[in-house]
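Student: structure, please.
(chains A, B, C and D)
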Protein chains: 2
Amino acid sequence: MAATEERRRRADGERSRQKILRAAASLATVDGLDGLSIGTLADHIGMSKSGLYAHFRSKEQLQLETIDTALEILTTLVLDPAAVAATPVERLRTLYDRFLDYIEERVFPGGCFFASAESELGMREGRVKDRIAGLQRSWVARIEELVREAQAAGELPADEDSAQVAFELDSYGMMGNVGFVLHDDPAYLAHARAAIHRRLR
Amino acid sequence: MAATEERRRRADGERSRQKILRAAASLATVDGLDGLSIGTLADHIGMSKSGLYAHFRSKEQLQLETIDTALEILTTLVLDPAAVAATPVERLRTLYDRFLDYIEERVFPGGCFFASAESELGMREGRVKDRIAGLQRSWVARIEELVREAQAAGELPADEDSAQVAFELDSYGMMGNVGFVLHDDPAYLAHARAAIHRRLR
DNA sequence: TTACTATACGAACGGTCGTGCTATCTTGTC
DNA sequence: GACAAGATAGCACGACCGTTCGTATAGTAA
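Tutor: So this is what the prediction gives:
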């Protein structure tokens, strides 16, 4: 659909846009995607509320683009590095190693952006929730796919349900994230690493 | 400290109080403990904003008492039934079985009250966050204790780190909850049940 | 029944929310 | 260097936020 014309953008505008969306992704992991206010966000990056708002048609649009930005960050730091590993099970190991690193390095102050969003938006309705739910689905689908590849390659036992294995791996990541953020205690990430590596042995 | 006098309460006031706190606990699993507004809460139970507010000295106080109410519910539905099981490992099994039931039965519309609160308050500060973090700690401590008891009774392998086992059990519960709420799909709870029962075999 | 007070209400406070409109800069193109 | 368009700021709006106040009502103890 080329119905709505793309309007051209200036370089300084694009820079501001990126600054806004990076800050929004960070603040959303602390105050929530909904709890984050445009005024707070504007103050945080030294812009006026209206100047910031002009980049988006609505708060919902800002939220959707914030999700896209967070996904780009996750892709660069976690998904891409995992994709180049040699074997399926090594891709899985690298994926979760990078994932836990990205949490521990406080790429987002409140831990994994998507873990936060999933918990916050669980019972909401609308495009923002649908987008988060969709991304979670495709994350799980990707894990399951890697598990099946590892089984086909003989790296993991073939008699296990790939969906079950994916669920358990994801559980460790989720709990590691929540515990680490809540208690500021890396022990939770260590537990997660141990559980994941044992499951992929 | 008996400095502040307990003021006496009327029966109808206590009834309202309970109604308010039950509704608050439910709504908090949808909108968050912070996102929940007093006006919305008042509308929801057919009270005036000021009439409701008079029961508490501040929103923070309302939040703290809401947490206590949610804990009572969790205790009745999950902790108490587990306490009467015969052996340590049966207490663990019952604990998580009841926990997953309490999620599936939508006791709170947004899943486990405490899972929601932990995710929401991870990076906040103040008494509300401290209370949630403390309760999470004592939950984990209780699980670890049961694991050690089960090990001492020979029901679980004695060479495993009890903290690690507790982490993994809790991971399944947490992920089961988030997935079930986000996708309205009981398959996540089934995965959690399977993982927990296998871990406790 | 009377006296006391917990309970509940409506109205209003200052503040912040998301969202528009308008004017003034700033940038890129010819 | 002129000009169109994008970027940003200022201002204002209606709605809602947590909170306070004064007041009317209703449960309870004497």
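
Student: which residues sit in contact with the residue nearest the centre of chain A?
Tutor: With distances taken as C-alpha atoms, centre = their mean, residue A:114 lies nearest the centre of chain A, 3.9 Å away. Residue A:114 makes contact with A:70, A:74, A:132, A:135, A:136, A:139, according to C-beta atoms under 8 Å, 6 or more residues apart in numbering or on different chains. Where C-beta positions appear, they are placed from N, C-alpha and C, glycine not excepted.

Student: so what's the residue of chain A found nearest DNA strand D up against?
Tutor: Sorted by distance to DNA strand D under C-beta to the nearest atom of the strand, the residues of chain A start with residue A:13, at 1.9 Å. Neighbouring residues of residue A:13 by C-beta under 8 Å, 6+ apart: residue A:55.

Student: can you pull the buried residues of the host helix or strand of residue A:12?
Tutor: Assigned by DSSP states H and E, residue A:12 belongs to helix A:11-31. Of the residues in helix A:11-31, A:16-17, A:20-31 count as buried by neighbour count, 16 or more other C-beta atoms under 10 Å in any protein chain shown.

Student: number of residues surrounding residue A:187?
Tutor: For residue A:187, the neighbour count with other C-beta atoms under 10 Å in any protein chain shown is 13.

Student: sorry, back to before: what angle do the helix or strand just after the helix holding residue A:12 and helix A:11-31 make?
Tutor: Heading C-terminal from helix A:11-31, the first helix or strand you meet, by DSSP H and E, is helix A:38-45. Relative orientation of helix A:38-45 versus helix A:11-31 (axes from the mean of the first three to the mean of the last three C-alpha atoms, to 10 degrees): 110 degrees.

Student: any idea how far DNA strand C is from the nearest residue to residue A:128 once chain neighbours are set aside?
Tutor: Once flanking residues are discounted, residue A:128 sits nearest to residue A:63: 4.9 Å by C-beta to C-beta, 6 or more residues apart in numbering or on different chains. According to C-beta to the nearest atom of the strand, to the nearest Å, residue A:63 and DNA strand C sit 9 Å apart.

Student: surely residue A:63 touches residue A:37?
Tutor: No. Counting by C-beta atoms under 8 Å, residue A:63 stays clear of residue A:37, with 11.9 Å between them.

Student: so which of the two has more stuff around it?
Tutor: Neighbours per residue (other C-beta under 10 Å) separate residue A:63 from residue A:37, with residue A:63 holding more: 23 against 13.

Student: how near is the more buried one to residue A:26?
Tutor: According to C-beta to C-beta, to the nearest Å, residue A:63 and residue A:26 sit 14 Å apart.

Student: what mean pLDDT does stretch A:105-121 get?
Tutor: Stretch A:105-121 shows a mean pLDDT of 98.

Student: hmm, back to that, and chain B, which of the buried residues of helix A:11-31 reach it?
Tutor: Here is what survives when the buried residues of helix A:11-31 are matched to chain B using C-beta under 8 Å from any C-beta of the partner chain: A:29, A:30.

Student: out of the buried residues of helix A:11-31, who's nearest DNA strand C?
Tutor: Among the buried residues of helix A:11-31, residue A:31 lies closest to DNA strand C (C-beta to the nearest atom of the strand), at 9.2 Å.

Student: packing partners for the helix ranked longest in chain A?
Tutor: Looking across chain A with DSSP state H, the single longest helix is helix A:127-152. Judged by 3 or more C-beta pairs under 8 Å, 6 or more residues apart in numbering or on different chains; DSSP states H and E, helix A:127-152 is in contact with helix A:59-74, helix A:88-104, helix A:113-121, helix A:162-183, helix B:162-183.
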